[in-house]
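> Pasting the sequence and the predicted coordinates here, then a few questions.
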Amino acid sequence: MSEAMNRTRTPDEIRRDIEHTREELADTAAALAERADVKARAHEKLDETKARITGKVDETKAKVAGKVDETRAKVTDTAGTAKEKASDATPQSVAERASQAADSVAVTARENPIPTTLIAGFAGGLLIGWFVASRRA
């Protein structure tokens, strides 16, 4: 037999062993109780999720605020450009642009006579139908 088994323990050693075992058992029981407490686990998970979502919301707010400032600057710049262009538009320049647009339409109509004819026929049919319908009423 081994020497440890032959040796007898004193009552104080046995009491210390019992106390140590009780402490380990208490720790184990507490750990099991904590794991078995579903309500507490759910609250912990909820708190973790709230913290994560709050962080995401704050991050998104910061991004949106940055985009708003950026967009505001772009709109201000675009408005200034539009104001400059509007002030540059004189009746003569508007007439020239309208004349260029009319010439462009005429050239397109000459290059594509069939679609132009179809569109004109459709528009004429609408006008005749509207005229006939208004006469009957």
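Noted; the coordinates are in hand.

> all helices of this structure, in order?
Applying DSSP state H to the chain gives helices spanning 3-6, 11-36, 38-88, 91-111, 113-136.

> Rounded mean pLDDT for the longest one, please.
Helix 38-88 carries an average pLDDT of 81.

> And the fourth one, by the same measure?
In this model, helix 91-111 has a mean pLDDT of 80.

> can you give me how far that helix is from the chain middle?
Helix 91-111 sits 44 Å away from the centroid of its parent chain (C-alpha atoms, centre = their mean, to the nearest Å).

> go on, the second one?
Its chain's C-alpha centre lies 53 Å from the corresponding centre of helix 11-36 when counted by C-alpha atoms, centre = their mean.

> now the angle between helix 38-88 and it, please.
40 degrees (axes from the mean of the first three to the mean of the last three C-alpha atoms, to 10 degrees).

> just checking, what packs against helix 11-36?
With contacts taken as 3 or more C-beta pairs under 8 Å, 6 or more residues apart in numbering; DSSP states H and E, helix 11-36 sits against no other helix or strand. For every residue, glycine as well, the C-beta is placed using N, CA and C.
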